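1. coords below, sequence missing:
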């Protein structure tokens with residue numbers, strides 16, 4: 001049976017073997033296969049780590065993938081031959097053997113939180129509030145009226161956390177005699193802040209409640225106490241200022257912005273992006289790294305950029321120089337950004353304790369996303385009552401400093417605090433909720449229950465190529481649009497979004513693209529298809545969701561659009577587990593229909609055996625048929641080409657691509673089924689219909 005800390009045996013084996021090895025030899029060595037010729041020849045069976053794992057080969061390969069993803073093992077080519085790849089320990093891997101951290105990190109994210117118990121006393125209390133709590137379930141009611149001083153509300157996906165948060169504020173004012181001016185609600189995004197302010201404004205007696213993001217709260221404090229905070233003129237920089245300062249930094253190095261981004265990004269990372277998009281990522285990354293060091297209270301040092309990864313020395317040197325210039329330039333010219341404002345507020349409060357606002361109640365949304373600086377601000381405020389809402393399952397911002405341990409260790413920090421778990425999902429069908437529970441079971445949290453019974457519409461579809469995958473998605477979108485409702489297409493990378501967006505434009509499908517860097521509408525009018533990266537869509541929902549690229553290259557994501565950011569922060573969090581949570585977040589956006597698509601021979605390992613069984617179930621034959629879509633498309637194109645040549649016309653005049661992909665998606669079983677195929681008129685059905693149906697039946701088996 002696999003154990004959490006077995007990965008150490010793999011690292012020790014790589015250390016013990018006196019030369020670099022391939023994964024097959026390593027697997028045989030760990031499994032104690034003394035018949036392997038290399039093991040015999042080099043007498044590797046004499047080493048202490050020989051035969052230390054009773055794993056199957058595929059299980060060892062999975063462990064190696066995990067170790068490589070977390071930077072403990074790296075792959076390199078042998079003798080310059082790109083087809084001969086061997087494994088070696090990284091510097092981080094050597095450190096891990098001496099002082100294991102990955103195991104401890106994973107042990108820390110195993111939750112001890114259990115289902116909330118609703119007692120008879122609780123029910124009596126609910127009754128005492130009359131119709132105030134009408135429409136809420138028992139767990140929500142308990143979170144709303146709990147008398148506890150420190151409360152953590154674990155709110156699963158679709159469980160109504162924002163509604164509970166605003167209702168608790170109303171409860172505090174109406175029934176606990178709290179002054180609205182003594183209540184602070186903290187959200188993480190400006191959009192969430194606007195939404196909460198809108199809900200509170202519907203009741204005039206709540207108008208005095210302060211609703212802020214961490215950034216806007218600090219900005220207001222600093223404006224109010226400007227002289228005490230600074231004592232000199234300062235200015236918060238704009239987005240354009242960032243580009244201007246970065247350009248000055250590059251000019252000092254004697255290079256322009258284009259040369260800078262070509263040094264920073266690899267060819268693969270540049271693919272599918274304009275120079276404008278690359279410049280935006282580069283500039284944002286430089287400021288992000290500068291802020292990261294400020295949050296950690298560390299100086300920007302050259303050595304920190306080379307931690308565990310020597311292959312990026314040139315780009316690391318570039319970013320170090322740019323970040324150092326940014327830091328000194330901003331300090332000299334009295335320029336501040338959001339990170340500075342958080343730190344400046346902390347310094348202000350520490351040196352002028354009389355200026356700390358005296359809130360009686362502080363309520364924090366998205367508590368799973370807090371970082372150490374934000375926690376420091378909450379500690380300084382020290383409200384009499386603290387109410388935090390969040391979901392550890394949706395902690396996906398470790399790469400930018402968030403720490404899941406704050407929500408998981410809430411009870412350790414606040415002994416005697418009350419934990420309320422909201423586990424009723426009002427968004428997705430029971431089938432989707434059951435599937436997503438399986439995907440996140442490794443965290444040990446209580447399962448979510450769906451309140452929606454509906455037909456199971458979950459599909460896992462494989463393709464031979466990414467082109468075929470995207471064609472299928474485009475066709476399926478057109479099918480779904482006819483039925484109405486919003487559609488999300490979620491991808492792990494911006495490259496996938498850009499390429500799919502190009503195809504949708506060709507098909508005339510109106511859509512919106514959302515990513516960390518861009519948000520653009522394609523064509524005018526009402527858009528009901530959103531393409532987005534998973535990070536950019538968190539908190540939203542749609543009737544139909546496509547998660548594309550569900551293979552082992554994207555989940556976990558092997559590439560990075562932020563190379564130096566990843567390198568600097570790689571030791572801070574478990575990337576593989578965060579990638580699992582990201583996959584979970586993507587699937588939980590779906591309300592009714594969920595499509596998981598991928599190309600290649602193997603789907604992501606994040607889809608477990610239990611998940612496969614649930615997906616296939618009664619619709620196994622449908623999934624099998626959809627998996628044959630590539631063969632149908634191939635055969636139809638061959639038939640089309642032959643017919644076109646015999647008639648002396650172009651292939652598109654026989655049958656266009658749109659019709660071919662529509663046929664492959666709908667899988668008509670007879671002539672009558674061709675009537676709904678896009679671009680296939682009555683005359684063509686009469687002339688070619690029987691041939692088309694024969695091809696479909698033959699190709700689908």
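-> Yes, it's here. Here the structure is a predicted model, which means the values were calculated and not measured. Numbering: from 1, shown residues only.
2. Give me the nearest residue to residue 54, chain neighbours excluded.
-> residue 31 (7.4 Å; Cβ to Cβ, 6 or more residues apart in numbering). Quick note: C-beta positions are derived from backbone N, CA and C, even for glycine.
3. Isn't that neighbour up against residue 55?
-> Yes: assessed by Cβ atoms under 8 Å, residue 31 is found in contact with residue 55 at 6.7 Å.
4. Can you give me the neighbour number for the residue nearest to residue 54?
-> Residue 31 is flanked by 18 other residues according to other Cβ atoms under 10 Å.
5. who touches it in this structure?
-> Residues in contact with residue 31 (Cβ atoms under 8 Å, 6 or more residues apart in numbering) are 51, 53, 54, 55, 57, 60.
6. Next, the closest residue to residue 402 other than its chain neighbours: phi, psi?
-> For residue 402, ignoring the flanking residues on the chain, the nearest one in space by Cβ to Cβ, 6+ apart is residue 369 at 4.7 Å. When quoted as degrees, to the nearest 10, the phi and psi of residue 369 stand at phi -100, psi 0.
7. pLDDT score assigned to residue 660?
-> Looking at residue 660, its pLDDT stands at 83.
8. burial count for it?
-> Neighbour count of residue 660, defined by other Cβ under 10 Å: 26.
9. repeat for residue 205
-> Residues near residue 205, counting by other Cβ under 10 Å, number 11.
10. residues in contact with the nearest residue to it once chain neighbours are set aside?
-> Nearest residue to residue 205, sequence neighbours excluded (Cβ to Cβ, 6+ apart): residue 173, at 6.2 Å. Residue 173 is in contact with 179, 180, 183, 205, 206, 209, counting by Cβ under 8 Å, 6+ apart.
11. what about residue 531, which helix or strand?
-> Using DSSP states H and E, residue 531 sits in strand 529-533.
12. got a list of what residue 23 touches?
-> Contact analysis of residue 23 by Cβ under 8 Å, 6+ apart lists 60, 61, 64, 87.
13. From these, which land in strands?
-> The strands, defined by DSSP state E, take in residue 87 from these.
14. With respect to residue 314, which of the contacts of residue 23 is nearest?
-> Residue 314 has its nearest neighbour among the contacts of residue 23 in residue 87, at 24.7 Å by Cβ to Cβ.
15. quick one, what contacts the closest one?
-> Neighbours of residue 87 in contact, by Cβ under 8 Å, 6+ apart: 14, 20, 21, 22, 23, 26, 64, 73, 74, 75.
16. Kindly state the beta-bridge partners for it.
-> Bridge pairing for residue 87 (DSSP bridges) gives the partners residue 21, residue 75.
17. re earlier: the contacts of residue 23, buried ones only, as a ChimeraX selection?
-> Per 16 or more other Cβ atoms under 10 Å, the buried members of these correspond to this ChimeraX selection:
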select :60,61,64,87
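18. what about residue 681, how many residues close to it?
-> Neighbours of residue 681 under the rule other Cβ under 10 Å: 10.
19. separation between residue 250 and residue 305?
-> According to Cβ to Cβ, to the nearest Å, residue 250 stands 17 Å off from residue 305.
20. how about low-confidence regions in this structure?
-> Along the chain, the model assigns pLDDT under 70 to residues 1-4, 80-83, 103-112, 306-312, 516-526, 559, 565-572, 617-630, 701.
21. Find the centremost residue of it, please.
-> In the chain, the centroid-proximal residue (Cα atoms, centre = their mean) is residue 582; its distance is 3.5 Å.
22. isn't there a helix covering that one?
-> Yes: Residue 582 sits within a helix when classified using DSSP: H, G, I helix; E, B strand; the rest coil.
23. hang on, isn't it packed against residue 534?
-> Yes: assessed by Cβ under 8 Å, residue 582 is found in contact with residue 534 at 5.4 Å.
24. Can you tell me the closest non-neighbouring residue to residue 588?
-> Once flanking residues are discounted, residue 588 sits nearest to residue 157: 4.0 Å by Cβ to Cβ, 6+ apart.
25. Please give the number of neighbouring residues around the one you found.
-> 25.
26. which ones are touching it?
-> 391, 393, 394, 425, 427, 428, 436, 448, 585, 588.
27. for residue 504, same thing?
-> 474, 477, 511, 522, 529, 531.
28. out of those, which are buried?
-> 474, 477, 511, 522, 529, 531.
29. circling back to that earlier point, redo the contacts of residue 23 as a markdown table? Include distance to residue 681.
-> Converted to a markdown table, the contacts of residue 23 look like this (distance: Cβ to Cβ, whole Å):
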| residue | distance to residue 681 |
| --- | --- |
| 60 | 56 |
| 61 | 51 |
| 64 | 55 |
| 87 | 58 |
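30. wait, which of the contacts of residue 23 is closest to residue 460?
-> Within these, the smallest distance to residue 460 is 21.4 Å, found for residue 61 (Cβ to Cβ).
31. What sits closest to that closest one if chain neighbours are left out?
-> In this structure, residue 61 finds its nearest non-sequential neighbour in residue 23, 6.1 Å apart by Cβ to Cβ, 6+ apart.
32. Next one: the one you found from residue 337, what distance?
-> Remark: distance between residue 23 and residue 337 (Cβ to Cβ) = 44 Å.
33. hang on, isn't residue 643 packed against residue 654?
-> Yes: with contact defined as Cβ under 8 Å, residue 643 counts as touching residue 654 (5.3 Å).
34. between the two, what contacts are shared?
-> In contact with both residue 643 and residue 654: residue 688, using Cβ under 8 Å, 6+ apart.
35. neighbour count winner among those two?
-> Legend: neighbour count by other Cβ under 10 Å for residue 643 and residue 654, higher for residue 654 (20 against 17).
36. Now do the same contact list for that one.
-> So residue 654 contacts 640, 643, 644, 647, 688 (Cβ under 8 Å, 6+ apart).
37. Is it correct that residue 92 is in contact with residue 71?
-> Yes: between residue 92 and residue 71 a contact is recorded at 5.1 Å, counting by Cβ under 8 Å.
38. so what's the closest residue to residue 529 other than its chain neighbours bridging to?
-> Closest residue to residue 529 apart from its sequence neighbours, by Cβ to Cβ, 6+ apart: residue 511 at 4.0 Å. Beta-bridge pairing for residue 511 (DSSP bridges): residue 522.
39. how far away is residue 511 from residue 590?
-> To residue 590, residue 511 is 17 Å away according to Cβ to Cβ.
40. How many neighbouring residues does residue 653 have?
-> 12.
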